[in-house]
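S.K.: Using only what follows, build the 3D model:
(one chain, ligands or ions: 2)
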Amino acid sequence: MAIKLSTASIFAIVIPVLLGLLFSNVKVSDLLFANPVSSPGGLEPTATPTTVAPEKCKQRFQVLFRSEADPFANVSVVLHQNGDPKHCGDTGSGSKFHALLYQNYVQLKDGACPAELDKYQVESLLTKTFSQLISTCAESGREDKGFLGFCDAGKDKTPILLDHNHLVPVKSELMGFSLPCRFHTREGLRISYMDQLTGLASSKPIDCEMVDTDDGDDANTQTCQVVEPEGLPSEIHLYAVPAGRVFMFAPDHVGEIFHLNHVNGALNKPIYLKVMSLEPRVFDVFNFFSREESQQLVDKAIAETSETHRIKRSSTGASGYNINSRRTSESGFDTHGSTSTIVKKRCFSALGFDEYIDSHGDGLQILRYNVTTAYNSHLDWIADNDQLAHDYQSAGVGGNRFATILMYMSDMGQEDGGETVFPHGWPEDLAESERLDKKTALANLRESPNGSVLKEGSWEESLVATCRSRLAVRPHSSRAVLFYSQHPNGEVDNKSLHGACPVLSGVKYAANLWVWNTPRQGFSGAPIKEKFRKEHENTVSSPTVEFKRITAVFQNTGEHEQMKNAKLHYENQFWGDLGPNDPALSVNTYEGHVWNIFVDGKIVKTWNISEKRGLDQTFTF
Ligand code: PD2
Ligand code: ZN
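M.R.: Ligands and ions are numbered 1, 2, ... in the order given. Presented below is the predicted three-dimensional model:
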């Protein structure tokens, strides 16, 4: 998976691209809704945006970076794939990165050099630049397509997110139009402006040392003491998230800290994470919410009277109210309370979203566990139910829960139970030799002060044995944990199995937010199973965003002498030579696209791409 940067290959790709290709900035929405051109005669040459003088272009580029000098002169930009602590590409000297970025910026609008770039243009530029510098980034099954094949995993593996139509595709010889990656810092901040990169190059990421605290206020036993960075960084690390996917932290070792300086948490302190386990990925979240907020959530939940939201015996499953003997807790929902709204938004920021998207989350669920009650080990990822329209296959184009943020609103003592247990995880600070086996843990429980609260031989008792021998998070008011139910590619993470240990004394209150990788079922833009849509064509409305990629192959048969100098153009932009001896050209294209054959500067043939001809189309002449 480690990728080597080959200078020769960079230039093999880059130079012809730079010399030959003009790239206009095409948004998916433009592609989808472009006016079809009916005949070659009807094709007016597209107006070329006013190009600006190179000097002005340079100036604008510098303004975008807020830096006259090359901000990367002394740093290299190191790329990771989403969720992976190992890097997959290194741009080498930052200057090369900067120079290529500039060339791509000039091409972005055919020399118009826009004075401002929106975040989708920034992402497109970065994607293109990285694709010219590194060969690939993942075992995505599309290694032959280089880094672009990582960013655009193909139509069967790219969930359509709500902002899909804003993406600015990258044009390349290898992929035709391909979807861009998003780029985040290690801490999850989405790169939306070029000057954020300048900032990263000129400031060392904050690091912290965990020290014991006597500040009982937030009941965290340790706190992060910021370690003053020395000098400037020599590397910037960026995490590339493929189109349609969501950012995930990339932990490398237990105890590692992620300092989310950009996310304000409780009492205006920045949130930080401490890695508790790698498999499953579990993080202790500090400064997430305050005791005051915790109390407000509990008070509101207790006072709630509406039948749909009040606290009552919990149900399980994707639909309906189904009581489950393995989930004996009580729960209610706080969907619109002021504290709940603040906390939900904070969850999204902490997870690396740059905006709050209500339909990507369930409502904040308030949980109550009285003595003996528990939730047996389960996945938060919802197993598919063939009856339902929603497509839960998150490894494909479907949507499911990918992250859970669990907030505790009670202080539970060592013997009180109520921990959250991860049966595949191990206690953080216990040497392997000190780990308990389940049998011993069960024997210890039966001899402990609360040992007789549970029925002997019950699932609850067996769960406590797991809780006392595996990774278990003990609740205290204002503590939060984050764990992921999916791998970065959307596959379910079966190691994320977890349960709520039976309460043995007192009452435990907690709240959870389940966050989805697409809008959740029933919401606008939620993925619907193809099969279900076909069966219910008249009753199920299409998702708001439709997007069908078409593969088109163009070939010169050599039968027509006048075509010997044929050149394929996308509209009026040169794409590639298509003489009789040239290999066929394969492109990714969309409904409404216009492809032309030019001979000696004139259009001699035009094809208008229509989905009606299928998703694989061949054009010969
Ligand atoms: O309350 C908990 O500790 C807990 C444990 C496992 C909650 C959930 N799962 C959940 O609500 O998904
Ligand atoms: Zn759960």
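
S.K.: got the residues of the chain near ligand 1?
M.R.: Within reach of ligand 1 by CB under 6 Å from any ligand atom, the chain has these residues: Leu367, Tyr375, Asp380, Thr404, Leu406, Thr420, His498, Gly499, Ala500, Ala510, Asn512. Where C-beta positions appear, they are placed from N, C-alpha and C, glycine not excepted.

S.K.: so the fifth one, which of the three states?
M.R.: When you say that, I think you mean Leu406. Using DSSP: H, G, I helix; E, B strand; the rest coil, the structure places Leu406 in strand.

S.K.: Go ahead and confirm it touches Arg479.
M.R.: No: at 9.1 Å, Leu406 does not count as touching Arg479 under the criterion of CB atoms under 8 Å.

S.K.: overlap in contacts of the two?
M.R.: Here Leu406 and Arg479 have Val473 as joint contacts, going by CB atoms under 8 Å, 6 or more residues apart in numbering.

S.K.: Just list whatever residues bridge to Arg313.
M.R.: Glu330 (DSSP bridges).

S.K.: Show me what the strand or helix carrying Val343 is in contact with.
M.R.: For Val343, the element it lies in under DSSP states H and E is helix 338-350. Contact with helix 338-350 is made by 188, 260, 262-265, 271, 273, 285, 288-289, 293, 296-297, 300, 334, 355-358, 360-361, 363-364, 405, 407, 482, 511, 513, 515, as judged by CB under 8 Å, 6+ apart.

S.K.: quick one: which of the residues of the chain next to ligand 1 is nearest Pro527?
M.R.: Set against Pro527, the nearest of these by CB to CB is Asp380 (18.0 Å).

S.K.: I figured that closest one was touching Thr404, is that so?
M.R.: Yes: contact criterion CB under 8 Å: Asp380 and Thr404 qualify, at 5.0 Å.

S.K.: between the two, what contacts are shared?
M.R.: Residues touching both Asp380 and Thr404 by CB under 8 Å, 6+ apart: Ser485, Trp514.

S.K.: Most neighbours among the residues of the chain next to ligand 1, which one?
M.R.: Ala500 (29 neighbours; other CB atoms under 10 Å).

S.K.: so who does the closest residue to it other than its chain neighbours touch?
M.R.: Sequence neighbours aside, Tyr375 is the residue nearest to Ala500 in space, at 3.9 Å (criterion: CB to CB, 6 or more residues apart in numbering). Residues in contact with Tyr375 (CB under 8 Å, 6+ apart) are Ser314, Arg326, Arg327, Thr328, Ser329, Gly499, Ala500.

S.K.: Roughly how far does Leu442 sit from ligand 1?
M.R.: 20 Å (CB to the nearest ligand atom, to the nearest Å).

S.K.: Ignoring the adjacent residues along the chain, who's closest to that residue?
M.R.: Looking at Leu442 with CB to CB, 6+ apart, the closest residue is Ala465, at 4.0 Å.

S.K.: Tabulate the CA atom coordinates of the helix or strand harbouring the one you found in PDB.
M.R.: Ala465 is part of helix 459-467, with elements assigned from DSSP H and E. Provided in PDB are the C-alpha atoms of helix 459-467 (Å, rounded to 0.1, in the frame of the first residue of the first chain):
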ATOM      1  CA  TRP A 459     -27.200 -13.100  29.900                       C
ATOM      2  CA  GLU A 460     -26.900 -10.100  32.100                       C
ATOM      3  CA  GLU A 461     -24.500 -11.900  34.400                       C
ATOM      4  CA  SER A 462     -22.500 -13.200  31.500                       C
ATOM      5  CA  LEU A 463     -22.300  -9.700  30.100                       C
ATOM      6  CA  VAL A 464     -20.800  -8.400  33.400                       C
ATOM      7  CA  ALA A 465     -18.100 -11.100  33.100                       C
ATOM      8  CA  THR A 466     -17.300  -9.600  29.600                       C
ATOM      9  CA  CYS A 467     -17.400  -6.100  31.000                       C
END
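
S.K.: following it, which helix or strand shows up next?
M.R.: Heading C-terminal from helix 459-467, the first helix or strand you meet, by DSSP H and E, is strand 471-473.

S.K.: quick one: strands adjacent to that following strand?
M.R.: Strand 471-473 has the following strand partners under DSSP bridges: strand 420-422 (antiparallel).

S.K.: quick one, phi psi at the residue nearest to Ala500?
M.R.: Per-residue torsions, Tyr375: phi -140, psi 110 (degrees, to the nearest 10).

S.K.: quick one: contacts of the helix holding Ala465?
M.R.: With CB under 8 Å, 6+ apart, helix 459-467 has contacts from 326, 372, 374, 376-377, 417, 419, 421, 423, 438-439, 441-442, 445, 454-455, 499, 501-502, 504.

S.K.: and those, which of them are in helices?
M.R.: Per DSSP state H, helices hold the following members of the contacts of helix 459-467: Lys438, Lys439, Ala441, Leu442, Leu445.

S.K.: Quick one: buried ones out of the contacts of Tyr375?
M.R.: When the contacts of Tyr375 are checked for burial by 16 or more other CB atoms under 10 Å, the buried set is Ser314, Arg327, Thr328, Ser329, Gly499, Ala500.
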